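Asker: take a look and give me a structure for this.
(3 chains)
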Amino acid sequence: MTVVVAWSADEYGAAALAHGVAQAEQKHEDLVVVNVTRGDALVDRRYADDDEIARVTAAVKALGLEVRIAHGVVDDVAAAVVEEIRSTDATLAVVGIRHRSPVGKMLMGSVAQRIILDAPCPVLAVKPEAGTDLV
Amino acid sequence: MTIATEKTLAGPEPARSKVVDTAQYGLAAFLLVVGGVVLNDAAGLEKGFADQPVQPYAFGFVIGTVLVLLSVLLAVATWRGDVTEAEDGEDIDLTHGSDWATVAKLGVVFVIVVATISWLGWAIVGAFLFVGTARVLGSRTLILDIAIGTALSLLTWYGFYVGLGIPIPAGVLDGVL
Amino acid sequence: MDLLLDGFATALTPTNLLFAVIGVLLGTAVGVLPGIGPAMTVALLLPVTYSVEPSSALIMFAGIYYGGMYGGSTTSILLNTPGESSSVVTALEGNKMAKNGRAAQALATAAIGSFIAGTIGTVLLVILAPNIADLVVKLGAPSYFAIMLLALFAVTAVLGSSKLRGFVALFLGLAIGLIGTTTGQARLTFGEAKLADGIDIVIVAVAIFAIGEALWVAAHLRRKPLDIIPVGQPWMSKSDWGRSWKPWLRGTAFGFPFGALPAGGAEVPTFLSYITERRLTKHPEEFGKGAIEGVAGPEAANNASAAGTLVPLLAIGLPTTATAAVILVAMQNYGLQPGPQFLDANPKLVWGLLASLFIANTLLLVINLPLAPVWAKLLQIPRPYLYAGILFFASLGAYSVNFDAFDLALLGVIGVLGLAMRRFGLPVLPLIIGVILGPRIEDQLTQALAISQGDVATLWSEPVAVVVYIVMALLLVGTVVAGRRAGAVQPDPENQNKQEVSA
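Answerer: Presented below is the predicted three-dimensional model:
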């Protein structure tokens, strides 16, 4: 039984991670952090580098939680998160969401939206706020 | 910080074993054919006018002969284990094999463009070209692709027509645009 | 001097200034973007030559050339992916500096060094080009013939790791150059009336540079994002200035002459500059870990070589780099033939172009220093859009030549050739130069022999021609000896290139 966090290396991901850690502590479950990219641009700022992964792992472990980080290049980010939820039999998924105009939503699609719709477990959608930074 | 940076400069590990790059025989054969065609063409030319000190076939003979020669040299070099050093680049990952399926799909899109451009005109075909190639290359947001493709092709059409004064034929949209 | 002031008057008109700004921004953008460089960009923009004023278009192209050199250094430093071969050396120290948190200083020394080198190079160009043109104008067809042969030979034999592949590319280019009816009879047209005028060089250039590259990238798309080093406003401390100014000047001294030589290019001088700085530095312990001298020198060298390239281009009509070759194509589209008479016949155009180089350089500095973080954002454009865009503009460029689907088909066929060339490691430059210079060589030979009434001895009747043939012979001996030695030391030649890079 786990809590799965869809983590991007930005403020939305930070918010999701902070809430995910809180939930995992409360529920006494392991944490699975998913940080994947389609890798279709030369640079993807939401994809964490190895140093950041190490920092996050250390910070979560310091809180006494078991954590695994899924990190890599996939064809479809939302599908990869949902697959992680299914395979670890997660009790909760946490995603960070951002505001988008209706047109923007139509054009860009939304990874968070697809996770919320496709996940077999409850999904906690959080927004960035001051003071939630874990690392 | 070390993920990809190290690899970029060092390039792929060169194949150490002595492999024969058989595809290079194809290149040699291609050169032989081109050289043969050039020679054959040169042989079919008439003698030039009196004021032409360089015969029209002279360059053809020289270039054709050298191409044939190069073809032989390349074949020999290949046989002796000469391996191609494929071109590297910022966005190129030579560590995996070549993905010829993608190239073939791009070719199909391009052939459709060539076949339909006179009829449909640039505004439509250009948008199709952008959307088609973007999808082949892995884009997943169809509506966004179409929006960008249409905007690009209309902007370039009007840009060329109005801005540069280059009248690109409108095709079926003649009168609409 | 008056001519140059007139040139500034031309270059500073609002229209031309606008084109200079567009050129500089576009050049930097494509220098930063992966998979697209200045040569491809100028090739894609060739359609503008059908309607835009020659001076405006050339000013824009010059801006792209200078901007591309600058933009390439940004990715070298921030990503360690040298887009252009001329910025390979910059990446050695530049990326290390960035990793040590000195990205701002590395970018600053690159930008200021480029500015200084570009400005000095342009001054040298202004002084040299007219004088060389005056010398060259006295030469006859035999000397021209010899110089062009030297250019073909040098570009093919001196550059690149495999001479054999260089010559394969060159002769394929020459074969394409044969197509058409320039000699009065149809050569290699296969009875196709649309080939009677030869293949438009615009189509060849766009196909080889843009389509070939896009297809090659499509076959080997990198899937993993690279780590970019976050960057703020570029700046330098006093000690950075103190350590940079000498390398800037030495780099300029290396870069300009190599740029001006046929086949000199930017690779050799950037490399020489790097070794020189490593030898002369007071901080040898920093080399390999991010020494600012190792960025300042090579960056100055590559911009100075860009300026140097314009000397043979303007004074003799010889292109020595891919970008210069495409700019030459643009000039020919205007019916302009660069060469000795070019400067006298088109003073307004030439001096406007030279003046605009100073302006482009200054623009690069004032626009790009503050914009560095914005340029880094360009790297987030998804690849499908980037390459779809390249294919889109390439097709548009080819189609706008005659509005004929036949041209698009040719574009596709030659594009596949471009792909094959990359697969087999055939260099692109000899092919393009072969297509451009092949017909002109035939023309010069015809002229020379027509004047001498068929006497072949005329070809070595001029002292310049004799000197050029001697140089060629020396080059030939040099490359053979070098090839032997490399072969003896290192049995597998495919490793040579990498050794040079990592040395």
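Asker: which residues of chain A fall in strands?
Answerer: Listed in chain order, the strands of chain A (DSSP state E) span A:2-6, A:30-37, A:67-73, A:92-96, A:123-126.
Asker: nearest to B:Thr84, out of those strands?
Answerer: B:Thr84 lies closest to strand A:67-73 among the strands of chain A, at 27.4 Å (CB to CB). Every C-beta, even on glycine, is put in place using the N, C-alpha and C of the backbone.
Asker: against which helices or strands is that closest one packed?
Answerer: strand A:30-37, helix A:50-62 (3 or more CB pairs under 8 Å, 6 or more residues apart in numbering or on different chains; DSSP states H and E).
Asker: got the CA coordinates for that strand in PDB?
Answerer: Provided in PDB are the C-alpha atoms of strand A:67-73 (Å, rounded to 0.1, in the frame of the first residue of the first chain):
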ATOM      1  CA  VAL A  67      10.500   6.200  -0.600                       C
ATOM      2  CA  ARG A  68      11.000   5.000  -4.200                       C
ATOM      3  CA  ILE A  69      11.400   7.400  -7.000                       C
ATOM      4  CA  ALA A  70      10.400   6.400 -10.600                       C
ATOM      5  CA  HIS A  71      12.500   8.600 -12.800                       C
ATOM      6  CA  GLY A  72      12.800   8.200 -16.600                       C
ATOM      7  CA  VAL A  73      11.600   8.900 -20.100                       C
END
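Asker: what residues sit buried inside that strand?
Answerer: For strand A:67-73, the neighbour count (16 or more other CB atoms under 10 Å in any protein chain shown) marks A:67-71, A:73 as buried.
Asker: cool, stretch B:78-92 as well?
Answerer: B:78, B:82-92.
Asker: hmm, the helix ranked longest in chain B touching chain C?
Answerer: With secondary structure taken from DSSP state H, chain B has its longest helix at helix B:56-79. Yes. Using CB under 8 Å from any CB of the partner chain, helix B:56-79 reaches chain C at B:56, B:59-60, B:63-64, B:66-67, B:70, B:73-74, B:77.
Asker: what lies in contact with that helix?
Answerer: B:20-22, B:24-25, B:27-29, B:31-32, B:34-43, B:45-46, B:48, C:164, C:167-168, C:171-172, C:174-175, C:178, C:183-185, C:187-188, C:438, C:442 (CB atoms under 8 Å, 6 or more residues apart in numbering or on different chains).
Asker: among those, which lie within helices?
Answerer: Mapping the contacts of helix B:56-79 onto helices (DSSP H) picks out B:24-25, B:27-29, B:31-32, B:34-43, C:164, C:167-168, C:171-172, C:174-175, C:178, C:438, C:442.
Asker: type out the ChimeraX command that picks the buried ones from these.
Answerer: Those of these that count as buried under 16+ other CB under 10 Å are selected in ChimeraX with:
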select /B:24,27,28,31,32,34,35,37,38,39,41,42 /C:167,168,171,172,174,175,178,438,442
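Asker: need the pLDDT of residue 115.
Answerer: Since no chain was named, I'll use chain A. Listed pLDDT for A:Ile115 reads 89.
Asker: actually chain C
Answerer: pLDDT, C:Phe115: 91.
Asker: and C:Pro373, how close does it get to C:Val481?
Answerer: Distance, C:Pro373 to C:Val481, by CB to CB, to the nearest Å: 49 Å.
Asker: phi, psi of B:Ser98?
Answerer: Per-residue torsions, B:Ser98: phi -80, psi 140 (degrees, to the nearest 10).
Asker: where do the domain boundaries of chain B fall?
Answerer: What automatic domain parsing lists as the domains of chain B is B:14-79, B:100-173.
Asker: got the CA positions of the helix or strand containing C:Gly308 in CSV?
Answerer: In this assignment (DSSP states H and E), C:Gly308 forms part of helix C:293-315. Only the C-alpha atoms of helix C:293-315 are listed here, as CSV (Å, rounded to 0.1, in the frame of the first residue of the first chain):
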residue,chain,number,x,y,z
GLU,C,293,40.6,32.1,-20.7
GLY,C,294,39.5,28.9,-22.4
VAL,C,295,36.2,30.4,-23.2
ALA,C,296,37.4,33.9,-24.1
GLY,C,297,40.0,32.9,-26.6
PRO,C,298,38.1,30.3,-28.7
GLU,C,299,34.9,32.5,-28.7
ALA,C,300,36.9,35.4,-30.1
ALA,C,301,38.5,33.1,-32.6
ASN,C,302,35.3,31.8,-34.0
ASN,C,303,33.7,35.2,-34.5
ALA,C,304,36.9,36.6,-36.0
SER,C,305,36.9,33.7,-38.5
ALA,C,306,33.3,34.6,-39.5
ALA,C,307,34.5,38.0,-40.4
GLY,C,308,37.6,36.6,-42.2
THR,C,309,35.4,34.3,-44.3
LEU,C,310,33.9,37.4,-45.9
VAL,C,311,37.2,38.5,-47.3
PRO,C,312,37.4,35.7,-50.0
LEU,C,313,33.7,35.8,-50.4
LEU,C,314,33.5,39.5,-51.3
ALA,C,315,36.9,40.0,-52.9
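Asker: check which element follows that helix along the chain.
Answerer: helix C:322-333.
Asker: can that following helix be said to contact chain B?
Answerer: No. Contact between helix C:322-333 and chain B is absent, the nearest approach being 13.0 Å (criterion: CB under 8 Å from any CB).
Asker: that helix - contacts with which helices or strands?
Answerer: Contacting helix C:322-333 under the criterion 3+ CB pairs under 8 Å, 6+ apart are the following elements: helix C:38-44, helix C:54-79, helix C:201-206, helix C:293-315, helix C:428-451.
Asker: before we move on, the earlier item: would the helix holding C:Gly308 count as contacting chain B?
Answerer: No. Judged by CB under 8 Å from any CB, helix C:293-315 makes no contact with chain B; its nearest approach is 14.2 Å.
Asker: packing partners for that helix?
Answerer: Using 3+ CB pairs under 8 Å, 6+ apart, helix C:293-315 is in contact with helix C:54-79, helix C:88-97, helix C:103-137, helix C:238-260, helix C:267-280, helix C:322-333, helix C:340-345, helix C:347-377.
Asker: could you check the angle helix C:322-333 makes with the fourth one?
Answerer: Interaxial angle of helix C:238-260 relative to helix C:322-333 (axes from the mean of the first three to the mean of the last three CA atoms, to 10 degrees): 50 degrees.
Asker: and the residue of the stretch 1-150 of chain C nearest chain B?
Answerer: C:Pro34 (3.7 Å; CB to the nearest CB).
Asker: tell me the secondary structure at that residue.
Answerer: Reduced to three states with DSSP: H, G, I helix; E, B strand; the rest coil, the structure at C:Pro34 is coil.
Asker: re earlier: and of the helices and strands packed on helix C:322-333, who's closest to C:Gly389?
Answerer: Ranking those by proximity to C:Gly389 (CB to CB) places helix C:38-44 first, at 9.7 Å.
Asker: how close does C:Asp455 sit to C:Leu449?
Answerer: 8 Å.
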